[in-house]
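**Student:** Structure for the following, please:
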Amino acid sequence: MFAVRGSAAAFRPYAWIWFRTIMTPKDKNQKSAISKSDAVYRTLKRAILDQALAAGTKLPEDSIGERLGVSRTIVRQALARLNGEGLIELRPRKGACVAQPSLEDGRNIFAVRRALESLVVDSLIGKLTPQQIRQLKTHVEAEDNARVNNKATSIQLAGEFHVLLATLTENDVLSRYVTELVSRSSLILSLYGRPHSPDCAVSEHRELIAALAENDREKACALMEHHIDAITTRALLTKDSEKDFPDLLAAYAKEEGL
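**Tutor:** This next block holds a predicted model:
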């Protein structure tokens, strides 16, 4: 946001007013473009992970821009982020399409994720503050609440729990790779995953938090490895289909304010 040095804490409430005052039209336009790009990115990501956009689906910039009411430049920025997370493929002269990872890709992704998430847990032992423990518990409570009313949201929050753990290590490199692997794992599970109960994720996450709070390194690492192994075993081939770009973004776009 906006940082104020020294003893200017009392001034801080006025900082945002001051910032808006000096903001030029160009600044505002750039902020709006970034906001829209984020919304388009989230809309497409959710549609991909929910399989509303199936593997192999073409993602033409003009069609997406027209449907979401944004420019092709904004769509291109969102697609670049999704490509960085491995959720889509950008093909020269052919445009973008939803990625089609193989089961072998999935095995490799989960093998690397298992190693990195064990490193995350090992890095957090003895370093989490009471406030951070509460933050993790609050997140899992949100998972549990969504489990009853919105299964898709619960599964999304389950993935974000792992991203939150990585963020708490304050290791930007580790956090970035875990974030990418969680996205890729979500795509693998959406393509090949066997149906499962969100109850499993919630209970396993709570056990992991308890082990971290107790600074039990051995138990925490074992729980994480078991958790990732359980996710990996659900990777079963079900179907393989390819469709033209469908008009299925309206609901996702509405939730993102587009």
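
**Student:** Leaving out chain neighbours, which residue sits closest to residue 84?
**Tutor:** Excluding the flanking residues, the one nearest residue 84 by CB to CB, 6 or more residues apart in numbering is residue 180, at 7.2 Å. (Each C-beta comes from the backbone N, C-alpha and C, glycine too.)

**Student:** Run through the residues that contact that neighbour.
**Tutor:** By CB atoms under 8 Å, 6 or more residues apart in numbering, the contact set of residue 180 is 84-86.

**Student:** just residue 179 next, same as before
**Tutor:** Residues near residue 179 by CB under 8 Å, 6+ apart: 85, 163, 166.

**Student:** Give me the secondary structure label for residue 89.
**Tutor:** strand (DSSP: H, G, I helix; E, B strand; the rest coil).

**Student:** That one: what's it in contact with?
**Tutor:** Counting by CB under 8 Å, 6+ apart, residue 89 has contacts 83, 96-100.

**Student:** got it, and residue 163?
**Tutor:** 175, 178-179, 182.

**Student:** Looking at those, which is nearest residue 126?
**Tutor:** The closest of those to residue 126 turns out to be residue 175 (CB to CB; 18.9 Å).

**Student:** now that closest one: how far from residue 42?
**Tutor:** Distance, residue 175 to residue 42, by CB to CB, to the nearest Å: 19 Å.

**Student:** now residue 233
**Tutor:** Residue 233 is 29 Å from residue 42, by CB to CB.

**Student:** Compare these two (neighbour count), which wins?
**Tutor:** residue 42 (18 against 11; other CB atoms under 10 Å).

**Student:** That one belongs to a helix, doesn't it?
**Tutor:** Yes. Residue 42: assigned to a helix according to three-state DSSP.

**Student:** Tell me how far it lies from residue 186.
**Tutor:** 13 Å.

**Student:** same thing with residue 89?
**Tutor:** 16 Å.

**Student:** in which helix or strand would I find the residue nearest to residue 91 when sequence neighbours are not counted?
**Tutor:** Nearest residue to residue 91 in three dimensions, chain neighbours excluded: residue 97, at 7.0 Å (CB to CB, 6+ apart). Assigned by DSSP states H and E, residue 97 falls within strand 95-98.

**Student:** and that strand, what other elements does it pack with?
**Tutor:** Judged by 3 or more CB pairs under 8 Å, 6 or more residues apart in numbering; DSSP states H and E, strand 95-98 is in contact with strand 88-91.

**Student:** how far does the strand it packs on sit from the chain's center?
**Tutor:** From the chain centre to the centre of strand 88-91 is a distance of 19 Å (CA atoms, centre = their mean, to the nearest Å).

**Student:** buried residues in that strand?
**Tutor:** 88-89 (16 or more other CB atoms under 10 Å).

**Student:** now stretch 176-196
**Tutor:** Neighbour count says stretch 176-196 has 177-189, 191-193 buried, by 16+ other CB under 10 Å.

**Student:** Low-confidence stretches in this structure?
**Tutor:** In the predicted model, the chain carries pLDDT under 70 at residues 1-34, 194-199, 235-248, 251-252.

**Student:** mind listing which of the contacts of residue 163 are in helices?
**Tutor:** Applying DSSP state H to those, the entries found in helices are 175, 178-179, 182.

**Student:** Can you tell me which of the residues you listed comes closest to residue 53?
**Tutor:** residue 182 (18.6 Å).

**Student:** Hmm, residue 162 and that closest one touching each other?
**Tutor:** Yes. At 5.3 Å, residue 182 and residue 162 qualify as touching, with contact defined as CB atoms under 8 Å.

**Student:** ok, which stretches of the stretch 1-150 of the chain are helices?
**Tutor:** Along the stretch 1-150 of the chain, counting by DSSP state H, counting those that start in this stretch, helices occupy 12-22, 25-49, 61-68, 72-84, 103-124, 130-149.

**Student:** Now the ones you listed in CSV, please, with extra columns for distance to residue 202.
**Tutor:** Output for the helices of the stretch 1-150 of the chain, formatted as CSV (distance: least, CB to CB, whole Å):
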stretch, distance to residue 202
helix 12-22, 37
helix 25-49, 19
helix 61-68, 33
helix 72-84, 28
helix 103-124, 17
helix 130-149, 5
